[in-house]
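Q: got a predicted structure here, sequence first:
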Amino acid sequence: MSEILHFEDFIVGSVETYGEITVSAAEIIAFAREYDPQAIHIDPVAAAESPFGGLIASGLHSCSMMMRLMCDGYMLRSASMGSPGVDEVRYLLPVRPGDRLRVRVSVLDARRSSSRPEMGIVSARHELMNQDDAVVLAMTSKVMMGCRDAKGAA
């Protein structure tokens with residue numbers, strides 16, 4: 001098993017890319033039927049007549065796929081202590097059946113908590129990219145990350 005990632009491992013300016021998943025029409029439709037049953041997500045005929053010209057994944061489905069890639073890539077082997085929230089989400093391009101997605105994570109800021117020395121706050125930009133390296137979804141957020149050295153200074 002690889003070493004657990006801590007606050008100290010997230011260096012400002014670092015960029016990592018994780019995973020790859022291929023999106024299927026069946027997955028798009030199943031997610032949308034449950035959570036976002038708009039015609040562009042569940043009805044290929046209606047979606048073909050829409051401005052998108054075909055079936056597309058719900059934005060929330062795209063966010064969920066990005067989270068899965070982040071979890072598989074690094075979050076499940078990190079000292080994550082949760083997130084105080086997402087600052088921004090932008091849906092830039094539609095995600096379509098057959099797209100191969102991966103996530104690029106850029107560390108924007110990392111600061112040690114002054115009130116909780118066992119924790120740091122990592123700010124990152126997450127970009128969901130398709131097989132053409134086009135960014136389809138961009139999100140900025142913060143995560144509270146446990147420190148390897150809870151007594152040391154940042």
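A: Received it, and whenever you're ready, just let me know what you need. For clarity, every value in this text was computed on a predicted model and none was experimentally measured.

Q: ok now stretch 132-139, how far from the chain's centre?
A: Stretch 132-139 has its C-alpha centroid displaced from the chain centroid by 11 Å (Cα atoms, centre = their mean, to the nearest Å).

Q: C-alpha coordinates for it, CSV please?
A: The C-alpha trace of stretch 132-139 is given here as CSV (Å, rounded to 0.1, in the frame of the first residue of the first chain):
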residue,chain,number,x,y,z
ASP,A,132,-9.1,15.4,-26.7
ASP,A,133,-7.6,17.1,-23.6
ALA,A,134,-10.5,19.6,-23.6
VAL,A,135,-11.6,20.7,-20.2
VAL,A,136,-15.3,19.8,-19.9
LEU,A,137,-15.7,20.8,-16.2
ALA,A,138,-13.7,23.0,-13.9
MET,A,139,-14.0,23.3,-10.1
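
Q: ok, and the closest non-adjacent residue to the residue nearest in space to the middle of the chain?
A: In the chain, the centroid-proximal residue (Cα atoms, centre = their mean) is Met66; its distance is 3.5 Å. Among residues not flanking Met66 along the chain, Leu128 sits closest, at 4.5 Å (Cβ to Cβ, 6 or more residues apart in numbering). Yep, even glycine has a C-beta here, placed from its N, CA and C like the rest.
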